[in-house]
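*Asks:* Sequence below, structure please.
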Amino acid sequence: MDADLRFHPADPADPAVLSRAQVERFNKEGYLLPFRFFEPAEMAEIRGYFDALWLANLAEGKDSYSISSAHLRHGRVMTS
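*Replies:* Presented below is the predicted three-dimensional model:
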């Protein structure tokens with residue numbers, strides 16, 4: 001394979017979306033955190049849905065690992 005798999009830092013001079021500080025941090029650390037995808041109220045509602053799903057599974061005698069494939073049985077999990 002002749003692909004160049006070395007890390008090539010991004011140029012922080014004129015970023016289009018991220019700030020210069022974010023580009024520099026990515027170049028230094030290799031990742032960026034945190035990103036907010038949901039508003040706090042929306043996240044609380046999603047968390048409530050998953051907590052209820054987990055409690056329902058516990059009531060059926062299942063353990064917490066039983067929700068690891070919940071996306072296959074509960075359509076809402078796919079969109080959360």
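*Asks:* wait, doesn't F26 sit right on D11?
*Replies:* No - the criterion here is Cβ atoms under 8 Å, and F26 misses it with D11 at 11.6 Å. (C-beta placed from N, C-alpha, C; glycine too.)
*Asks:* neighbour count winner among those two?
*Replies:* Comparing F26 with D11 by other Cβ atoms under 10 Å, the one with more neighbours is F26, at 15 against 10.
*Asks:* Now for the more buried one: which residues touch it?
*Replies:* Residues in contact with F26 (Cβ atoms under 8 Å, 6 or more residues apart in numbering) are 10, 18, 32.
*Asks:* Point me to the helix or strand that includes it.
*Replies:* If you go by DSSP states H and E, F26 is part of helix 20-29.
*Asks:* So which elements touch the longest helix along the chain?
*Replies:* Longest helix in the chain, counting residues (DSSP state H): helix 40-59. In terms of contacts (3 or more Cβ pairs under 8 Å, 6 or more residues apart in numbering; DSSP states H and E), helix 40-59 is packed against helix 75-79.
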